[in-house]
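Trainee: Got a sequence here, can you build the structure:
(chains A, B, C and D)
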Protein chains: 2
Amino acid sequence: MKVTIREVAREAGVSVATASNAMNHPGIVRPETREAVLEAARRLSYVPNANGRRLRAKQSRTIGLFLNAMNGEFYGVLADTMNQVCRSQGYELQICIVSNLDSIRARLQWLALDGAVVFWDAVDEQTAGEMATSECPLVFLALNQQGPHATGILFESAENGRMAAEYLYGLGHRRLMHVFGRPGNYDAEQRCQGFLDALEEHGIGRESVPVLDGLFERAAAYQSLKQYLQAGNPVPEAIFASNDLSAIGCITALNELGYRVPEDVSVMGCDDISLCEYTNPTLTTIRTHFQEIGTVAAQEVLRLIRGEPGRLIRQNGLLVERKSCAPADR
Amino acid sequence: MKVTIREVAREAGVSVATASNAMNHPGIVRPETREAVLEAARRLSYVPNANGRRLRAKQSRTIGLFLNAMNGEFYGVLADTMNQVCRSQGYELQICIVSNLDSIRARLQWLALDGAVVFWDAVDEQTAGEMATSECPLVFLALNQQGPHATGILFESAENGRMAAEYLYGLGHRRLMHVFGRPGNYDAEQRCQGFLDALEEHGIGRESVPVLDGLFERAAAYQSLKQYLQAGNPVPEAIFASNDLSAIGCITALNELGYRVPEDVSVMGCDDISLCEYTNPTLTTIRTHFQEIGTVAAQEVLRLIRGEPGRLIRQNGLLVERKSCAPADR
DNA sequence: CTCAAAAGATAAAACGTTTTAATTATGTCG
DNA sequence: CGACATAATTAAAACGTTTTATCTTTTGAG
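Mentor: Residues are numbered from 1 along each chain as shown, chains lettered A, B, ... in the order given. Model (predicted):
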């Protein structure tokens, strides 16, 4: 039934050490012996046992991907591209959906991972630094982090916020609003910051820019905005929402209250999920290059595993102009 | 640095066997000894090594999920819910994105999985049956399969096709069209079959129902339909598309050619991805209960692992009425 | 032809667990 | 108090690899 390296060795008429060497260290074994072993393995359709190998070799050739959840478009793309890169380098990808930090730490050891990518809201920078070790380097997504065994990949969210501000300001809008993401989320905070900073430089004070709660969710943004407007507050000329879903929530709320987008109010999102092309109107947004980030993250983990030092990587966003924003008519 | 069970045993002043037993077989060890071991483990913050354990115990307490890819909403939900169930039963979930059958087979052995869920277009029923063994039972999604160590979960796609037919027929439409999914995909075929069968029973012959290629993709469906209509073929009264994305492609094509949905043409999709609520008009479709399927699949794998025999499970769809279909005006 | 060096093969140890079989401690009953 | 059953502990084997250190064979130079 289960065929081990022992049977392969016997079948090929060599010792297990030779059998192992033939498969893992070509060059150290005579070509014809090697061929004999390989042939035997093929004949018995031998598949090495990962656990035996990992136990002995002290490296699992597995890299981890730690996530809060798998819903949301980004996660799928990330997993897909990372998987591709890892596989091509002979590594397995272990996706772990975890809900707390200790769970990450435990799995890091338990699974004896060679390295991992962590994409997780609530890691604070201090803790993050301590988690990364030489035997398990880490890449943190959307976290400002850099150490000998840790790399951070920043999405340049502050810059994206600025970009949004410049764009809307450039269209002539002066009464602006921001819909905030999830508190504690690095990107959410950066986007808000950048947006407000840029406006301030144009002489629009922070106090004059309302910031509503959006939680990165459509429903929450919808509620927030509707409530805000129904309370008699003035309708803004343009809204920058912290992600696309909340932008869509805003559009729904505006429509229900009789405002047209973009004629009455301009709305822009952030991320550029595929939904943006399907909404009515299609959504102007700032694209985060999901696939590229996945590729870069995977490659970076492999780089760290090779022992090279961590660094800080920045990924720029790209403004994608669609139909949800229009110039102010003065 | 790495703390093994040996140190724990030493720290607690017992043998490794006792230490192991204390942690894994409570009851066989004296309560106070047990407590001492647990305390020692805590003090040293001992985390057992998965590979050592798996190697010896001959079970990995890991179940696999084999997929073509991770893009697409379904995959994320499936992974999320399965993960939840597995985790709650002390199992790890290993998601494997694979592109060919041999890759599945190799990983099944290589990772020494205790069981797995396979959601993969191109598995034929014959092969599927042979892959499932007592030491690694399998659950196949969307595949007609049943054996001592294999369970199939059918999405009742034929029934869904019939449902679509009945609905559109009930609205008064007589000149109907189907946009097909991906050839070789079980669901695609069943949906088509069921749709055509039901219409036939209403006296609408198969030859009078055009079937276009959609490949489960928006762009492909868009192309197909546009081309079809531009070639001078008559526009149908109603279209049933094999999934939501292709339905959206159809709507785009129709709009571009000057037809309104649903006034001129009714369009319905299948799956009920979240996009359906955002399109214009919102999309009438047949919901597949993604989360429930994930839960059921995970539970079923665990059931098979316990040695219970495989079976065939059917999951019904649910017609969700939105705005993309309207009664025929005669 | 001899000997040293290089190449090739191997036995045995190691990885960190769990489990089996054997041993020791504890309690019970006549 | 001795014998015996039972409970608790343990030493040692096992899981399937890889690697180290050792041994054997081949090669090439003198």
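Trainee: Write out the residues of the stretch 151-300 of chain A neighbouring chain B.
Mentor: Counting by Cβ under 8 Å from any Cβ of the partner chain, the positions of the stretch 151-300 of chain A adjacent to chain B are A:248, A:275, A:278-280. All C-beta atoms are positioned from the backbone trio N, CA, C, and that covers glycine.
Trainee: Identify the farthest-apart pair in these.
Mentor: Across those, the longest distance by Cβ to Cβ is 11.3 Å; it joins A:275 and A:280.
Trainee: Please enumerate the helices of chain A.
Mentor: Secondary structure of chain A, counting by DSSP state H: helices at A:5-12, A:16-24, A:31-43, A:50-57, A:73-88, A:101-110, A:125-131, A:157-170, A:186-201, A:218-230, A:244-256, A:290-305.
Trainee: Export those helices as CSV, with columns for mean pLDDT.
Mentor: Listed next are these as CSV, based on pLDDT from 0 to 100:
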stretch, mean pLDDT
helix A:5-12, 95
helix A:16-24, 95
helix A:31-43, 95
helix A:50-57, 94
helix A:73-88, 94
helix A:101-110, 88
helix A:125-131, 88
helix A:157-170, 97
helix A:186-201, 96
helix A:218-230, 96
helix A:244-256, 95
helix A:290-305, 96
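Trainee: which one of these is the most hemmed in?
Mentor: helix A:244-256 (a mean of 24; mean count of other Cβ atoms under 10 Å in any protein chain shown).
Trainee: Outside of it itself, list whatever touches it.
Mentor: Here helix A:244-256 makes contact (Cβ atoms under 8 Å, 6 or more residues apart in numbering or on different chains) with A:179, A:181, A:214-223, A:225-226, A:229, A:235, A:239, A:241, A:260-261, A:264-265, A:267-273, A:275-276, A:279, A:281, A:283, A:285, A:324, B:278.
Trainee: Could you rerun that using 6 Å?
Mentor: Identification of contacts with helix A:244-256 by Cβ atoms under 6 Å, 6 or more residues apart in numbering or on different chains yields A:179, A:214, A:218, A:221-222, A:225-226, A:239, A:241, A:261, A:265, A:267, A:269, A:271, A:273, A:276, A:279, A:283, A:285.
Trainee: tell me the domain ranges of chain A?
Mentor: A:5-48, A:58-155+A:289-316, A:157-287 (automatic domain parsing).
Trainee: Need the distance between the two termini of the second one.
Mentor: In other words, domain A:58-155+A:289-316. End-to-end distance for domain A:58-155+A:289-316, by Cα to Cα, to the nearest Å: 37 Å.
Trainee: Residues of chain A that sit close to DNA strand C?
Mentor: A:14-18, A:21, A:28-30, A:33, A:52, A:55-56, A:58 (Cβ under 7 Å from any atom of the strand).
Trainee: a markdown table for these, including distance to chain B?
Mentor: Below are the residues of chain A next to DNA strand C laid out as a markdown table (distance: Cβ to the nearest Cβ, whole Å):
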| residue | distance to chain B |
| --- | --- |
| A:14 | 23 |
| A:15 | 21 |
| A:16 | 16 |
| A:17 | 19 |
| A:18 | 22 |
| A:21 | 20 |
| A:28 | 24 |
| A:29 | 23 |
| A:30 | 27 |
| A:33 | 24 |
| A:52 | 6 |
| A:55 | 4 |
| A:56 | 9 |
| A:58 | 9 |
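Trainee: List the contacts of residue A:326.
Mentor: Contacts of residue A:326 (Cβ under 6 Å, 6+ apart): A:262, A:266.
Trainee: before we move on, back to that, of residue A:275 and residue A:280, which one has the most company?
Mentor: Shown here are residue A:275 and residue A:280; by other Cβ atoms under 10 Å in any protein chain shown, residue A:275 has more neighbours (22 against 15).
Trainee: check contacts around that one.
Mentor: Residues near residue A:275 by Cβ under 6 Å, 6+ apart: residue B:278.
Trainee: Next one: it from DNA strand C, what distance?
Mentor: Per Cβ to the nearest atom of the strand, to the nearest Å, residue A:275 is found 46 Å from DNA strand C.
Trainee: Could you check how many residues crowd around the nearest residue to residue A:63 once chain neighbours are set aside?
Mentor: Distances taken as Cβ to Cβ, 6 or more residues apart in numbering or on different chains place residue A:115 nearest to residue A:63, at 4.9 Å, with adjacent residues excluded. By other Cβ under 10 Å, 27 other residues sit near residue A:115.
Trainee: picking up where we left off before, turn the helices of chain A into JSON lines, columns for distance to residue B:187.
Mentor: JSON lines is the format used below for those (distance: least, Cβ to Cβ, whole Å):
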{"stretch": "helix A:5-12", "distance to residue B:187": "42"}
{"stretch": "helix A:16-24", "distance to residue B:187": "41"}
{"stretch": "helix A:31-43", "distance to residue B:187": "37"}
{"stretch": "helix A:50-57", "distance to residue B:187": "33"}
{"stretch": "helix A:73-88", "distance to residue B:187": "19"}
{"stretch": "helix A:101-110", "distance to residue B:187": "34"}
{"stretch": "helix A:125-131", "distance to residue B:187": "43"}
{"stretch": "helix A:157-170", "distance to residue B:187": "39"}
{"stretch": "helix A:186-201", "distance to residue B:187": "37"}
{"stretch": "helix A:218-230", "distance to residue B:187": "28"}
{"stretch": "helix A:244-256", "distance to residue B:187": "28"}
{"stretch": "helix A:290-305", "distance to residue B:187": "27"}
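Trainee: Make CSV out of those and add distance to DNA strand D.
Mentor: Below are these laid out as CSV (distance: least, Cβ to the nearest atom of the strand, whole Å):
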stretch, distance to DNA strand D
helix A:5-12, 3
helix A:16-24, 3
helix A:31-43, 10
helix A:50-57, 3
helix A:73-88, 18
helix A:101-110, 17
helix A:125-131, 26
helix A:157-170, 42
helix A:186-201, 39
helix A:218-230, 50
helix A:244-256, 47
helix A:290-305, 15
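Trainee: Identify whichever of the ones you listed lies nearest to residue A:315.
Mentor: Closest of the helices of chain A to residue A:315 is helix A:290-305, at 5.7 Å (criterion: Cβ to Cβ).
Trainee: That closest one packs against which elements?
Mentor: When contacts are defined as 3 or more Cβ pairs under 6 Å, 6 or more residues apart in numbering or on different chains; DSSP states H and E, helix A:290-305 sits against helix A:73-88, strand A:115-119, strand A:138-141.
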